[in-house]
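K.L.:
I would like the atomic coordinates for the input below:
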Amino acid sequence: MARRFTAACLACAFWSCSGSGADGDVAEPLDSECVPDLPVADGAMPDSDEGAATQKLPLSTSGRYIVDAGGNRVRLVGVNWNGAHEDLMVPHGLAHHPPDVIAARIAELGFNSVRLTWSNELVETDPMPEAADVAGWPEAAGMSSMQVFDRVVEALTAAGIFVILNNHMSDSGWCCNEEDGNGLWYNEAYPEDAWIADWVALAQRYLDNPMVVAADLRNELRQKASWEPGGDPAYDWPSAAERCGEALLAVRPDWLIIVEGTDYAVNLEGVADRPVHLSVPGKLVYSAHNYPWSVTSIMPTPELFATMVHDLWGYVMEPPDATPVWLGEFGTCNTCWGDPWVSSITTVITGLELDWALWLLFGTPDGWGLLSEETLEVNTPDILPLLEQWGAMPPGHR
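P.N.:
Predicted coordinates:
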């Protein structure tokens, strides 16, 4: 794949931001000469409050964009709803609210999609959740964890929100580190054939719900996972992604198949020499993640940040083999939204009009999370103008 030096366009975009950028100033869009023409109809993007249901399904890809059945661009602006991949094995928030209330709040904030995480252990064991974890939803009494998951999917899609399923872990638990035994797409307890079988089971489970639109095959490949042509088959991630993707497309040919990069989803450099191939055209989406620590422990200059992003994954969106890249995770702590990294990633998102999903909906003990589980109020007002900049909340909807 040819790499055209559009990193220069990204770098110049940083300097079009008002002020230093460290205080969350609004970034101006890239000059028109840096942005490719949309291969879609004019007026493709509806107002955020119209919801995903206005789009014509199924979704496919056209060059670097995701489009609907009419060829209109669909920009995924979403949030990660975690919990079902963790030890509690149900999505967070149900201890205080039923899923339809949470789904309505997600839609109110302008999100048209949710990356909904799950583990192989959840699918294969389907335990009964702890009563406290679903206490805000009396109707859940007697439901298994997968039945709860089903109802969350139903609530989201009924609210006009696209659901992107994400296999986050094999064993249920928090992600991620090098020693958790979940750095590949398989482990001893859940081999590759189980990983694929669980995916197929979910594809069949939601066969009649067209708003379940995509499979994010595996979260943050690490350890020995490789994208090197001719490498050890045991660690050959793109080949494994193709095997799983083909199994899913046999059941859901309408699904987007999302393939994350290696090195904790930071790195898609291997695509240049070894792209993923699927038998159904227009269904492949790559995914990258980015956090303040993703590339370097020291915040680079804006120019260096733009160049690194381009070389790691931004180039994948360029001709001649342009393919969408979805920023499936990005975020920072609730007291960190004025830090320099925020300005840098905001300029990348706005300059490239990226599809994205914020990490995460409900909080962690170290001060992360968009919403309070108890009140569903935004934990920090600092993120509201950023949601507008990134393309979620329309101006004036705060």
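K.L.:
contacts, neighbours, all on C-alpha from now
P.N.:
Will do.
K.L.:
list the contacts for residue 252?
P.N.:
If you count contacts by CA atoms under 8 Å, 6 or more residues apart in numbering, residue 252 has them with 203, 204, 207.
K.L.:
So which of these wins on neighbours?
P.N.:
Ranked by the number of neighbours (other CA atoms under 10 Å), the contacts of residue 252 place residue 203 first, at 24 neighbours.
K.L.:
what about the closest residue to residue 99 other than its chain neighbours, distance to residue 127?
P.N.:
In space, residue 99 comes closest to residue 152 once its chain neighbours are excluded; the distance is 5.5 Å by CA to CA, 6 or more residues apart in numbering. With the distance defined as CA to CA, to the nearest Å, residue 152 ends up 16 Å from residue 127.
K.L.:
now residue 229
P.N.:
40 Å.
K.L.:
And residue 240, by the same measure?
P.N.:
In this structure, residue 240 and residue 127 are 28 Å apart, going by CA to CA.
K.L.:
And the helices in the stretch 201-350 of the chain, which stretches?
P.N.:
If DSSP state H, counting those that start in this stretch is used as the criterion, the helices of the stretch 201-350 of the chain fall at 237-251, 262-265, 302-312, 340-352.
K.L.:
Any chance of CSV for those, columns mean pLDDT?
P.N.:
What follows is those, written out as CSV (pLDDT from 0 to 100):
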stretch, mean pLDDT
helix 237-251, 98
helix 262-265, 96
helix 302-312, 90
helix 340-352, 94
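K.L.:
Identify whichever of those helices lies nearest to residue 184.
P.N.:
helix 237-251 (8.3 Å; CA to CA).
K.L.:
Neighbours of the residue nearest to residue 99, how many?
P.N.:
Residues near residue 152, counting by other CA under 10 Å: 22.
K.L.:
Buried residues, the strand or helix carrying it. List them.
P.N.:
When elements are defined using DSSP states H and E, residue 152 is found to belong to helix 145-158. Within helix 145-158, the residues that qualify as buried are 145-149, 151-158, counting by 16 or more other CA atoms under 10 Å.
K.L.:
For that helix, give the mean pLDDT please.
P.N.:
Averaging pLDDT along helix 145-158 gives 98.
K.L.:
right, and the helix or strand after it?
P.N.:
Using DSSP H and E, the helix or strand that follows helix 145-158 in sequence is strand 162-169.
K.L.:
Can you give the contact residues for that next one?
P.N.:
52, 85, 112-120, 153, 156-157, 175, 182, 211-220.
K.L.:
End to end on stretch 376-392, go ahead and measure it.
P.N.:
By CA to CA, the extent of stretch 376-392 from end to end equals 17 Å.
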